[in-house]
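> Quick one, what's the 3D model for this:
(chains A, B and C)
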Amino acid sequence: MRYWLMKSEPSEVSIDDAWSAPKRTVAWTGVRNYQARNFMRDTMQVGDGVLFYHSSCAEPGIVGLAEVASTAYPDHTQFEPDSHYYDPKATQETPRWMMVDVRIKKKTRLLSLAEMRTMPELSGMVLLQRGSRLSITPVTADEWNFICKQLA
DNA sequence: GCCAACGTTGGC
DNA sequence: GCCAACGTTGGC
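From the prediction side, this is the model:
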């Protein structure tokens, strides 16, 4: 059982979008970074805990709790020429980009990035490290438990 | 819109 | 393999 923080731009897929999706589940399309892809492909398991994070918006921060709902499979948007996420070097035979399904379990209050930065318990979070831009980052059990307490 | 930080590309 | 140039992320 592992834990993750996954960023989504609310203008693309917000927590409300995911909440109202069938089975409260969305396919995590659009990851185009190898490290983030490798986390999904190599390390994520069904049932892993997910902190749903809003990025590139007025109030960035954690807005919900979710879980990994599938193993990794090819992200179909890489094959779609009209998609913003199209990758001409990817083929059906040798897909380059993978994704998992994510199921929302609970909408929470906003735990903002600014607030997280004030919490010593979270100072080691990958998310908060200088220059960290990864859209999917691992979260320790201690960080997960502490954050769940803040959100309760 | 700015810009720091990081990732990718491609010539050599 | 090096590294300069360019592109992207994402907070502010």
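> three-state assignment of the closest residue to DNA strand B within chain A?
The nearest approach of chain A to DNA strand B comes at residue A:131, 2.0 Å away (CB to the nearest atom of the strand). Bear in mind the C-beta positions are built from the backbone N, C-alpha and C, glycine included. When classified by DSSP: H, G, I helix; E, B strand; the rest coil, residue A:131 comes out as coil.
> Phi first, then psi, for it.
phi 80, psi 0 (degrees, to the nearest 10).
> Around it, how many other residues sit close by?
4 (other CB atoms under 10 Å).
> Also residue A:36?
Neighbour count for residue A:36, taken as other CB under 10 Å: 21.
> sec struct for it, please.
Per three-state DSSP, the local secondary structure of residue A:36 is helix.
> The residue lying closest to residue A:31 once chain neighbours are set aside: what's it in contact with?
Leaving aside its sequence neighbours, residue A:31 sits nearest to residue A:37 (CB to CB, 6 or more residues apart in numbering; 5.6 Å). If a contact means CB atoms under 8 Å, 6 or more residues apart in numbering, then residue A:37 has A:31, A:97, A:98 as its contacts.
> Would you mind checking which of these is nearest to residue A:71?
Relative to residue A:71, the closest of the contacts of residue A:37 is residue A:98; by CB to CB it sits at 9.3 Å.
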